[in-house]
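> 3D model of this:
(chains A, B and C)
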Amino acid sequence: MKVIPYSKEAYDLFHEGMIALAKVEQAGMRINVEYVDRTFKRISRRMQRIEQKMKNSDVGKAWDKQYGFKTNYNSPDQLATILFDVMGYESQGETDSGRHKTDKNALVKLDCPFIDLLIELRKLDKAKGTYLTGIKRETVDGFLHPFFNLHIAKTFRSSSDKINFQNIPVRDPAIKEIVRKAFIPREGRQLVELDFSSLEVSISQAYHQDPTMFKYLTDPKSDMHRDMAMECFLLPEEEITPKIRYCGKNMFIFPQFYGDWYMNNAKHLWDAIDDMNLKTASGKSLQAHLKEKGIKSRGACIPGEDALPRTFERHIQEVEQDFWNERFPIYKQWKEDWYKKYRERGWLKMKTGFICQGYFKRNEAINYPVQGAAFHCLLWSLNQMVLREIETRGLTATIVGQIHDSIVADVDCDHLDAFLITIKEIMEVKLRETWDWINVPLSVDAEVAPPGKSWYEKKEIEF
DNA sequence: TACTTCGGCGCC
DNA sequence: AAAGGGCGCCGAAGTA
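Numbers count the residues shown, from 1 in each chain, chains lettered A, B, ... in the order given. Alright, predicted model coming up:
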């Protein structure tokens, strides 16, 4: 059977999207070139000082003895040889090709002072090698013009390259500052970022129609991440802190939605208790709290082996069971039905009219329609702004980028309020008028940097 | 010199 | 029964 990969509506969305994104690319983002040059040199000096310290440590001396002038702290092979063969540290697992793992997660478990320096060095190297170098290379006359592609991702999402505008550091405060200070607004303007809150979860609702999820997405008093944090750590609502909620969200709920399983959840949540120094709202350590609840150890977490009673692993396994069988059974049923239908037909169709055909694993077939359609909500909104509303309303504003569920703009300070009202109306109201299959409210958060200030200075605002 | 694969890491 | 979805870029190391 021949499958045409899109409907007319989907074709139109991408046709307009190509034009709108080309305009975004052409406009570009203003760069503080002097800052980038200055910071590049400063980071280089900092890296040299760190390397000097590394040289003087015991690991550094062993490294020099083994490799001499060939010493390269950036080589995973050399690092593994020194740590696990020469120094005798315990290997923390293997890569796909059977080498010792030397990523951050494996290294922090070794308890070795050299490692802290190495991790700091890697971070600075990332900032310098990938971001500052990339910005310098691609900036022309003070403007950076990243590409936004619509022909790459299997899910009909976008991608971005030269430079990748969609992976600028934001979580690590130090790297965030180094890189994002390079991005500045045009004269008399300020930078604005608008993102759909929990867009993929909201779009998943249109597929599975789970009533419990519907309540979470429509009742402002309900809070799915808080609830699952309570389950994972056996805590009452009043003991949930922002950090604990963060863990429920990013180490249980989101991984579960992407198809992960309890064993990984248990490992990550258990590590977080120590790494993030988790305490209940009334100040008790979670370690002690779980012990009181009868959970004294993590559990072996070995695939194929049953989780032992009274381990954290067993507990999270039960939380997972409850999550899908009791809390979201309709969602679970949809996943099974959807995958079965894909297996029968060999293709799947998104709410936005795009068709994915080919061999997909279970998790892929389930995730693609949500990921793609969610991005299409953003692209539709961007098209309205770039191709229609900005000009129609006479706004002095330029869309300069897009990050899957958010839009970045460079807006005249005097037009900020009008811009925000316009784009909020499009993203929250007009989008749903156009696509009535979206059956839950969509809400937009705004972050704004002060006039003339860099992208690093963006702060969430009420509007 | 040019290319590929791998490990690692940045984002949603 | 299976067991984390989607991207791009860097340097290291090996191959052509």
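> switch to C-alpha atoms for all contacts and neighbour counts from now on
Will do.
> got the contact list for the closest residue to DNA strand B within the stretch 1-150 of chain A?
Among the residues of the stretch 1-150 of chain A, A:Thr102 lies closest to DNA strand B, at 2.9 Å counting by Cα to the nearest atom of the strand. By Cα atoms under 8 Å, 6 or more residues apart in numbering, the contact list for A:Thr102 reads A:76, A:79-80.
> Helices - which of those residues land there?
Of the contacts of A:Thr102, the ones assigned to helices by DSSP state H are A:76, A:79-80.
> are any of the residues you listed buried, and which?
A:79-80 (16 or more other Cα atoms under 10 Å).
> okay but A:Pro451 is in contact with A:Gln190, surely?
Yes - using Cα atoms under 8 Å, A:Pro451 makes contact with A:Gln190 at a distance of 4.5 Å.
> okay, these two: which has more neighbours?
The neighbour count for A:Pro451 versus A:Gln190, taken as other Cα atoms under 10 Å, is higher for A:Gln190 (25 against 18).
> any idea how far that one lies from DNA strand B?
Distance, A:Gln190 to DNA strand B, using Cα to the nearest atom of the strand, to the nearest Å: 19 Å.
> List the neighbouring strands of the helix or strand where that residue lies plus their orientation.
Following DSSP states H and E, one finds A:Gln190 within strand A:189-196. Strand A:189-196 sits in its sheet next to strand A:406-412 (antiparallel), strand A:444-448 (antiparallel), going by DSSP bridges.
> As a markdown table, those strands with mean pLDDT would be great.
As requested, the strands paired with strand A:189-196 are exported to a markdown table (pLDDT from 0 to 100):
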| stretch | mean pLDDT |
| --- | --- |
| strand A:406-412 | 98 |
| strand A:444-448 | 98 |
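> which one of those has the most crowded surroundings?
Of all the strands paired with strand A:189-196, strand A:406-412 carries the top mean neighbour count, a mean of 23, counting by mean count of other Cα atoms under 10 Å.
> following it, which helix or strand comes up?
helix A:416-425.
> does any part of the helix or strand that the strand holding A:Gln190 is followed by sit near DNA strand B?
Later in the chain than strand A:189-196, the nearest helix or strand by DSSP H and E is helix A:199-208. No - applying Cα under 7 Å from any atom of the strand, one finds helix A:199-208 separated from DNA strand B by no less than 8.2 Å.
> list the helices and strands the helix or strand where A:Ile50 lies packs on?
Secondary structure assignment for A:Ile50, by DSSP H and E: helix A:33-56. With contacts taken as 3 or more Cα pairs under 8 Å, 6 or more residues apart in numbering; DSSP states H and E, helix A:33-56 sits against helix A:58-67, helix A:113-125, helix A:133-138.
> now the angle between helix A:58-67 and the longest one, please.
So the one you mean is helix A:113-125. Helix A:113-125 runs at 80 degrees relative to helix A:58-67, counting by axes from the mean of the first three to the mean of the last three Cα atoms, to 10 degrees.
> List of residues touching helix A:113-125?
Helix A:113-125 has contacts (Cα under 8 Å, 6+ apart) with A:43, A:47, A:50-51, A:53-54, A:57, A:59-60, A:73-74, A:104, A:107-108, A:175.
> If anything else comes up later, I'll come back, but that's it for now.
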